[in-house]
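Colleague: turn this into a structure:
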Amino acid sequence: MKAAFLIALREMEIRDTPDPQITAPDDVLVRIDAVGVCGSDVHYYTTGAIGSQKIEYPWTVGHECAGTVMDTGSAVSDLSAGQRVAIDPLKTCGTCDQCLAGRSHTCRNQAFLACPGQLPGALAEFIVMPADCCFPVPDSMNNDEVTIVEPLSIGLYATKLAPEYPLKRAAILGVGPIGLSVLLCLRAAGVEEIYVTDLLPERLEIAAAMGADWTGCYPSQDIVSEILDRAELGMDCVFECAGQQETLDQCAPLLRPGGTLLAVGIPEVERVSFSPDVMRRKEIRLQNVRRQNGCVQGAVDLISSGKANVTPMVTHHFDLDSSPEAFEMVADYRDGVIKAIINVPG
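Modeller: Numbers count the residues shown, from 1 in each chain. Prediction:
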């Protein structure tokens, strides 16, 4: 089969590689139909690492994917060949203390698609995943929508971590695909006021069309002052989805006393900082967000029911051979890209 391999920083090559094989009774062989280029994929592409997770070349990336079941192991009874599925990219052990406590996303023995040393990425013609990672989707959902299930499930999990869920007032700092996913989930939950910010005006336009009540462009606007002029008591929650020190610095001033900062974005740097003065005086809670923790089916339901229209965030399409161009575009924020999707069969 063909697969896209990272071979050096900002270098990618399409290579032939052996087809994956079913080896366990609960395995499912999936033909990959489409893969979304995620910000974490781009971290690996541009820096070769996310924190302590460092790539050994060559390596495949990609974990947001839509697929079709081709074959199943002997123990799989609820999936069949030809069935279209969304993929939860996390393979868990199901037996450790974290899995048993309902925290499969922090499984001590986990393997995640495209994480160095774990599972090969999905930017390939075929992958094998456990049956419980494969979620059937209705025919009404197209491949773009199925691909966006994965980032939307992260947005859904992030909103469920908010202690006042459903919320009255929330801000989202950074409206790339994850920020827009949070926006859709907050809107579906009936949050009264949603404020969003970003560096790129074109992303703010899409956020407004997807339900944001107010948008602000940083740094040309003093977004903290402008939001607090409209909501002087502050936000119940702020979802930091950019992974940048500048946006992290804006969170505490935006929050009401007792509010919650949800850190969703993945910083490229090894350390970030917070002002203890404001954080302490307001008794701000800091909640890190890791992946989706059982929210994939909920994301499928949001899209298939029409409660979350993810189509506006898909801005570009490529084929597998053009994967290097897709990654370059996303890495450099070219041409108004928000979500680039690679159609693997062409």
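
Colleague: on the three-state scheme, residue 117 is what?
Modeller: Put simply, residue 117 is coil when judged by DSSP: H, G, I helix; E, B strand; the rest coil.

Colleague: and it, how many neighbours?
Modeller: 10 (other Cβ atoms under 10 Å). C-betas here are computed from N, CA, C, even on glycine.

Colleague: ok, then the element right after the host helix or strand of residue 183?
Modeller: Assessed by DSSP states H and E, residue 183 sits inside helix 177-188. Sequence-wise, the next helix or strand downstream of helix 177-188 (DSSP H and E) is strand 193-198.

Colleague: just the C-alphas of the helix holding residue 183, formatted as CSV.
Modeller: Below are the C-alpha coordinates for helix 177-188, written out as CSV (Å, rounded to 0.1, in the frame of the first residue of the first chain):
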residue,chain,number,x,y,z
PRO,A,177,-10.5,23.4,13.9
ILE,A,178,-10.4,22.6,17.6
GLY,A,179,-11.6,26.0,18.7
LEU,A,180,-14.4,25.8,16.1
SER,A,181,-15.3,22.4,17.4
VAL,A,182,-15.6,23.8,20.9
LEU,A,183,-17.7,26.6,19.5
LEU,A,184,-20.1,24.1,17.9
CYS,A,185,-20.4,22.1,21.0
LEU,A,186,-21.0,25.1,23.2
ARG,A,187,-23.7,26.3,20.9
ALA,A,188,-25.3,22.9,20.7
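
Colleague: what's the mean pLDDT across it?
Modeller: Averaging pLDDT along helix 177-188 gives 97.

Colleague: stretch 95-112 too?
Modeller: pLDDT averaged over stretch 95-112 gives 96.

Colleague: where does pLDDT dip in the stretch 101-250 of the chain?
Modeller: Where the stretch 101-250 of the chain drops to pLDDT under 70, the residues are 165.

Colleague: which residue ranges of it form helices?
Modeller: In the stretch 101-250 of the chain, the segments counted as helices under DSSP state H, counting those that start in this stretch are 143-161, 177-188, 201-209, 223-230, 245-254.

Colleague: okay, those helices in CSV with mean neighbour count next?
Modeller: Below are the helices of the stretch 101-250 of the chain laid out as CSV (neighbours: other Cβ atoms under 10 Å):
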stretch, mean neighbour count
helix 143-161, 26
helix 177-188, 27
helix 201-209, 17
helix 223-230, 16
helix 245-254, 20
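
Colleague: and of these, who's closest to residue 100?
Modeller: Each of the helices of the stretch 101-250 of the chain has some distance to residue 100 by Cβ to Cβ; the shortest is helix 143-161, at 18.8 Å.

Colleague: and that closest one, what does it pack against?
Modeller: When contacts are defined as 3 or more Cβ pairs under 8 Å, 6 or more residues apart in numbering; DSSP states H and E, helix 143-161 packs onto strand 27-36, strand 64-72, strand 84-87, helix 177-188, helix 296-304, strand 339-343.

Colleague: okay, now the sheet partners of the shortest one, with direction.
Modeller: Strand pairing for strand 84-87, determined by DSSP bridges: strand 64-72 (antiparallel), strand 134-136 (antiparallel).

Colleague: if we can go back for a sec, so which other helices or strands are in contact with the helix holding residue 183?
Modeller: helix 143-161, strand 169-173, strand 193-198, helix 201-209, helix 296-304.

Colleague: so which of those gets nearest residue 338?
Modeller: From the helices and strands packed on helix 177-188, taking Cβ to Cβ, the stretch that ends up closest is helix 201-209, at 6.3 Å.

Colleague: now do that closest one and strand 193-198, the angle between them.
Modeller: Using axes from the mean of the first three to the mean of the last three Cα atoms, to 10 degrees, one finds that helix 201-209 and strand 193-198 are set 170 degrees apart in direction.

Colleague: which helices and strands sit right next to helix 201-209?
Modeller: In terms of contacts (3+ Cβ pairs under 8 Å, 6+ apart), helix 201-209 is packed against helix 177-188, strand 193-198, strand 214-217.

Colleague: pull the CA atoms of it into CSV?
Modeller: Extracted C-alpha coordinates of helix 201-209, given in CSV (Å, rounded to 0.1, in the frame of the first residue of the first chain):
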residue,chain,number,x,y,z
PRO,A,201,-9.7,37.5,10.3
GLU,A,202,-10.9,34.8,7.9
ARG,A,203,-11.2,32.4,10.8
LEU,A,204,-13.2,34.9,12.7
GLU,A,205,-15.6,35.2,9.8
ILE,A,206,-16.2,31.5,9.8
ALA,A,207,-16.6,31.5,13.6
ALA,A,208,-19.3,34.2,13.3
ALA,A,209,-21.1,32.1,10.7
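
Colleague: what does it contact?
Modeller: Helix 201-209 is contacted by residues 172, 175-176, 179-180, 183, 196-198, 212, 215-217, 312-313, 336, 338 when judged by Cβ atoms under 8 Å, 6 or more residues apart in numbering.

Colleague: switch the strands paired with strand 84-87 over to JSON lines; also include distance to residue 150 and mean neighbour count.
Modeller: As requested, these are exported to JSON lines (distance: least, Cβ to Cβ, whole Å; neighbours: other Cβ atoms under 10 Å):
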{"stretch": "strand 64-72", "distance to residue 150": "4", "mean neighbour count": "23"}
{"stretch": "strand 134-136", "distance to residue 150": "10", "mean neighbour count": "18"}
